[in-house]
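**Q** have a look at this fold, sequence not included:
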């Protein structure tokens, strides 16, 4: 999809949960809730929503063998 967004930065709360992401070309951050909806619609090229029974849904970067672009690393949590 040519109009897909690419996450380049993230913010986390004091508990380490990702709360916002920033897309390439944007100055402002987008809430993780909105980003999860976008990921569900195929609008993000490097992340997807994870839903597990008994756990809170969360956004996860697509695996590519690099840690530097994981959301926790982008948020400075590691």
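**A** Arrived safely, thanks for sending. This is a predicted model, so every value here is computed, not measured.

**Q** could you report the pLDDT at residue 50?
**A** Residue 50 carries a pLDDT value of 96.

**Q** tell me the bridge partners for the most centrally placed residue in the chain.
**A** The residue lying closest to the centre of the chain (C-alpha atoms, centre = their mean) is residue 59, at 4.9 Å. For residue 59, the beta-bridge partners are residue 49 (DSSP bridges).

**Q** give me the mean pLDDT for the lengthiest helix in the chain.
**A** Secondary structure of the chain per DSSP state H: the longest helix is helix 32-40. When pLDDT is averaged along helix 32-40, the result is 97.

**Q** hang on, the earlier thing: residue 18 is in contact with the residue nearest to the centre of the chain, correct?
**A** Yes: with contact defined as C-beta atoms under 8 Å, residue 59 reaches residue 18; the gap is 6.1 Å. C-beta: built from backbone N, CA, C; applies to glycine.

**Q** shared neighbours, these two?
**A** 32, 71 (C-beta atoms under 8 Å, 6 or more residues apart in numbering).

**Q** tell me the pLDDT at the residue lying farthest from the centre of the chain?
**A** Distance from the C-alpha centroid of the chain, by C-alpha atoms, centre = their mean, peaks at residue 54 (20.6 Å). Per-residue pLDDT puts residue 54 at 95.

**Q** ok, residue 45 next?
**A** Note for residue 45: predicted pLDDT of 96.

**Q** count the residues that sit near it.
**A** Neighbour count for residue 45, taken as other C-beta atoms under 10 Å: 14.

**Q** show the contacting residues for it.
**A** Residue 45 neighbours (C-beta under 8 Å, 6+ apart): 1, 4, 5, 6, 62.

**Q** ranges for the strands of the chain?
**A** Taking DSSP state E, the strands of the chain run over residues 7-12, 18-23, 30-31, 47-50, 58-61.

**Q** let me know which of those is the nearest to residue 40.
**A** In terms of C-beta to C-beta, the element of the strands of the chain nearest to residue 40 is strand 47-50, at 5.5 Å.

**Q** what comes up buried for the closest one?
**A** For strand 47-50, the neighbour count (16 or more other C-beta atoms under 10 Å) marks 47, 49 as buried.

**Q** that concludes my questions; thank you for your assistance.
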